[in-house]
Structures are given as structure tokens and as C-alpha cells.
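> here are the coordinates; sequence isn't available:
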DNA sequence: CGCCTGGGGTGACAACTGTTCACTGACTCA
DNA sequence: TGAGTCAGTGAACAGTTGTCACCCCAGGCG
């Protein structure tokens, strides 16, 4: 008789289903640490979960659809984090360092998700590529909109603001994946900070 | 009795072998346009060439080794092109436009190679990732060395020059893969030009 | 010339894949 | 309470995969 508002699983039934679904996503993400989505087998995933192959179809049409769900899981919840990151006003060296540190801690917290995004951004599954591209474009828009409200953006053309935002987003993704592959985190974060400074300088002298 | 110096195929035998090897590479590259290396099957490649599966082993241990060979084919010959690109002295708007145009024409000439590099740079096969990373690091070194000879580099720290070079190389790769995925080439090249201008401005004011 | 090397072919193997269909039994809800 | 829903099961299918030992015969070379 009780109605649960907002949250998805309304009964024991739905809850179990979502639990299995999440188990499939988790197992897939783990398997994808050492292979690409286009070689991920449906049986491989169900075996890792401890469930019969056909159960897979109750949740996803194929592994491509699972991939799209993973994109949502990895990037969907990042919008709020990004907003917080942008809200930290102030500029200069400590702002730059803070940004890079935030990226580093995110990579440390969710390495598998980051790896997945970096790997499948140009991967072999079209639907997943497009899902990631869409999310990143959304990020760029959000960043650009944020910039537009700041006094530094006075005199900037709309499209140049978007270009600048794209540069920042691209740099973020590249730094994240570089952090995954290196074992010298200091080296990577240092380079990332200097690159941000470089972009910041270009930004300051854009209107000449 | 005649000795051919330098060039590889010294006899009809060797020539045939290299011909088959090249056919395997070509077929693989074509198949990789719509999948990742980690899902590329050995049989799939030989079938496309019109050769029996076991013949594959005469040339490569497995598909990973073929992938490394593809990296060499795609990036190995690019060093000279890159040198030419850097040799074009002069700066400012037309230099930037020329650079972007050169990238665009390279993508148009070898789209499959570019796609392969973008896809496997963070792909599921470790050996291939490392091969690509090594080549790109080499590019960055070459660019940095070139910069070091220019008067603009006066006062720059060695590691900052390398950082700058990496930024340019990364930007090149990103622009190339962006050109592959878009259908609006003008849009992408325009953004790329503006990003180069942004970096150039940062470069000009680095020593403040 | 005639032996030898080795790229390519044959056929077969066990293991694996995605997808189908009919099923069971715990949960839902009027 | 009793009928219906549906997440997960079980078995079977037609293909596919990588790898094997063995054979063939054109090209290389003394």
C-alpha cells in the first residue's frame, strides 16, 4: 500500500532485478579493464556474475546497449561534480592545482570508469562512441555557459567560449587517461598544471 | 648473383611473402574500421585475404603482433612528414592554417590509419597501446628539439618545451580523430585553428 | 642438376559464441 | 486467495574461433 516516490525499485521484484542489472554492469566494467567492448561477450559477463546466459536479455538487448548504460553510469553523475569544480572561484596557481587534484582524485576513485570512457571514446561500437561524444559535448556546453557569466568573458564571441570550453574538457579527459597509464603521477599532474597555465595565459591575451 | 642492397625482398620468394603480409595488414586495417583490435579474429583476416587460417602464423604470432606492425606502418613514416611540417617556418595566422590543412589532408589520405591509431591508443591490447605511446613520445621529443633551436624558445626550461611539444602533438591527434568523426570539416578545422592560436598566445606570454 | 627450405594448404580438434524455446516458481495485486 | 507476471533456468542449435600435425611443391642454392 505504501508508495515510494522518486526512487526506482518499488517492490522486492524490481529491487532484485536492478541488483542483477548492476551486477552485470559491474562485472562488465571489470572485464573491460583488459579488453574492448567490441570483444566483450554476453556469456563472459553472465558467467562472471554467476547467472545463466539468457538472463542477460532481461536487461540488455546486446553488449552494445550495456555499453551505453555504462556511459550513463560513468558520466551521468559527473555533471554535479563538474559544477562544483567550476563553482570554486578564484584563479591563478592554486585554482589550477585544485582542478588537477580533483581530476586525480576522481581517477583514483573510479579508475575502471575512466578507463572505459577513454577506451570507448573512439572504440569500435558506434552507439557507445556517440553516447560518450554527446556527454562530452554537454560538458563543454555547461562549462561554456559558466564562463559566459564570468567577467573575464567580456568581449568574447559565443563560439570562442565554446571552443575554450572544449579545450578544457578535452584536456580533462586526456589528463585522466594519462593518469591511468602512467606510474609517475607527479610527472603527469605537473604537466597537466603547466598545460592549464598555458591555456590560461592564451585566454588572458585572446582579445588582442 | 646480383645483390640488392637496402630493400627487403631479395628474391621472388621473399617478395611473395611480403605481398601476402601486406595483404594481411591491409585487410586487417579495413576490418578495424568497424571494430577494435581485441575483437579482430585471425580467421577473419585470412578469410578477407583469401588465404588459409594457418598461413597467418607464417607472418604474425597473433593479432596483437599484427597490431604492432600496423602502428609502425601508420606512424613510422610520419616522422619525415612531421619534420617537413615543422620546417615550414613563419608564424601567425597562415602558419596555423597551414598546419591544420596539413593534418586534414593527411586524414583524407589515410583515414583508416588515423582511425586505427585513435582507436587503439587507449585500446584493449597492451602491446599496441605501448607502441603508439612510444611513437607519440618520440614525436613530442622531435618537436621539442625543433623548438629548442628557434629564437622564441630563449629562456624556456627544457621540460616546459617538452610540455609544449606534447600539447601540440596531443592537439594534432585529437584534431585528426575529430575530423574522422564529424561530417562538418569546416567546423572542426576552424576550432582547431582557434585552439592553436590560443596555445600560441599562451606560448608568447609564458615568460611573465 | 638435385637436394632443401619454407610459404601456403588440408583436415580435424575441442572450446566457445549468440540466440531460440519451453520451463519454473517467487512475487504482485485485484 | 488465486490468477497472472516475469526474472532467471536448462538444454539444445548452428556457427565460429585458435591451434594442431601433416602434406605439397615452387624457389633458392651448392
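Received, thanks. Remember, predicted model here, so these are calculated numbers, not experimental data.
> mind showing which ranges of chain A have poor pLDDT?
For chain A, the stretches with pLDDT under 70 are A:1-9, A:89-91.
> Quick check: residues of it near chain B?
By CB under 8 Å from any CB of the partner chain, the residues of chain A that approach chain B are A:32, A:34-39, A:115, A:118-119, A:121-124, A:126, A:129, A:133, A:160, A:163-164, A:166-167, A:170, A:174, A:177, A:181, A:191, A:194-195, A:197-206, A:208. All C-beta atoms are positioned from the backbone trio N, CA, C, and that covers glycine.
> Quick one, which of those are buried?
A:32, A:35-39, A:115, A:118-119, A:121-124, A:129, A:133, A:160, A:163-164, A:166-167, A:170, A:174, A:177, A:191, A:194-195, A:197-203, A:206 (16 or more other CB atoms under 10 Å in any protein chain shown).
> can you pull out the helices in chain A?
A:12-31, A:42-49, A:63-75, A:78-87, A:93-109, A:111-120, A:126-149, A:158-181, A:185-204 (DSSP state H).
> from the ones you listed, which stretch is densest packed?
Highest mean neighbour count among the helices of chain A (mean count of other CB atoms under 10 Å in any protein chain shown): helix A:111-120, with a mean of 22.
> pretty sure residue A:180 is in contact with residue A:111, am I right?
Yes: at 6.2 Å, residue A:180 counts as touching residue A:111 under the criterion of CB atoms under 8 Å.
> Dump the helices of chain A to CSV, plus distance to DNA strand C.
Converted to CSV, the helices of chain A look like this (distance: least, CB to the nearest atom of the strand, whole Å):
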stretch, distance to DNA strand C
helix A:12-31, 4
helix A:42-49, 4
helix A:63-75, 6
helix A:78-87, 29
helix A:93-109, 29
helix A:111-120, 16
helix A:126-149, 14
helix A:158-181, 26
helix A:185-204, 35
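> most centrally placed residue in chain A?
Computing the C-alpha centroid of chain A and ranking residues by CA atoms, centre = their mean puts residue A:75 first, at 3.7 Å.
> Roughly how far does that residue sit from residue B:108?
Distance, residue A:75 to residue B:108, by CB to CB, to the nearest Å: 31 Å.
> Kindly report the domain assignment for chain A.
Following automatic domain parsing, one gets these domains for chain A: A:12-61, A:74-204.
> Turn those domains into CSV, columns for distance to DNA strand D.
Output for those, formatted as CSV (distance: least, CB to the nearest atom of the strand, whole Å):
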stretch, distance to DNA strand D
domain A:12-61, 3
domain A:74-204, 15
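> For the ones you listed, give me a markdown table that also has distance to residue B:93.
As requested, these are arranged in a markdown table below (distance: least, CB to CB, whole Å):
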| stretch | distance to residue B:93 |
| --- | --- |
| domain A:12-61 | 40 |
| domain A:74-204 | 15 |
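> what about those domains, which gets the closest to residue B:155?
domain A:74-204 (14.7 Å; CB to CB).
> Would you work out how far apart the start and end of the closest one are?
33 Å (CA to CA, to the nearest Å).
> chain center to it: distance?
In terms of CA atoms, centre = their mean, to the nearest Å, the centre of domain A:74-204 is found 10 Å from the chain centre.
> repeat for stretch A:39-46
With CA atoms, centre = their mean, you get 23 Å for stretch A:39-46.
> my read: the residue nearest to the centre of chain A touches residue A:128, true?
No: using CB under 8 Å, residue A:75 is not in contact with residue A:128, being 11.4 Å away.
> Around residue A:157, how many other residues sit close by?
A count of nearby residues for residue A:157, using other CB atoms under 10 Å in any protein chain shown, gives 12.
> Return the backbone torsion pair for it.
Dihedral angles of residue A:157 (phi, psi; degrees, to the nearest 10) stand at phi -80, psi 150.
> how close does it get to residue A:150?
For residue A:157, the distance to residue A:150 - CB to CB - is 15 Å.
> cool, and residue A:73?
31 Å.
> residues in contact with residue A:30?
Neighbour list for residue A:30: A:48, A:112 [criterion: CB atoms under 8 Å, 6 or more residues apart in numbering or on different chains].
> how does it look with 7 Å?
Residues in contact with residue A:30 (CB atoms under 7 Å, 6 or more residues apart in numbering or on different chains) are residue A:112.
> Correct me if wrong: residue A:193 contacts residue A:99.
No: checked against CB atoms under 7 Å, the pair residue A:193 and residue A:99 is beyond contact range at 8.5 Å.
> what's the closest non-adjacent residue to residue A:85?
The spatially closest residue to residue A:85, leaving aside those adjacent along the chain, is residue A:102, at 5.6 Å (CB to CB, 6 or more residues apart in numbering or on different chains).
> wait, doesn't the one you found sit right on residue A:86?
No: with contacts counted by CB under 7 Å, residue A:102 stays clear of residue A:86, the gap being 10.6 Å.
> For burial, what's the neighbour tally of the residue in chain A positioned nearest to DNA strand C?
Here chain A gets closest to DNA strand C at one residue, residue A:11, 2.4 Å apart by CB to the nearest atom of the strand. By other CB under 10 Å, the residues close to residue A:11 number 9.
> Please report how far it lies from chain B.
39 Å (CB to the nearest CB, to the nearest Å).
> and what of residue A:150?
17 Å.
> Could you do residue A:21 as well?
Taking CB to the nearest CB, one finds residue A:21 at 24 Å from chain B.
> nearest residue to that residue other than its sequence neighbours?
residue A:59 is the one closest to residue A:21 (CB to CB, 6+ apart), at 4.7 Å.
> Quick one: residues contacting the one you found.
A:20, A:21, A:24.
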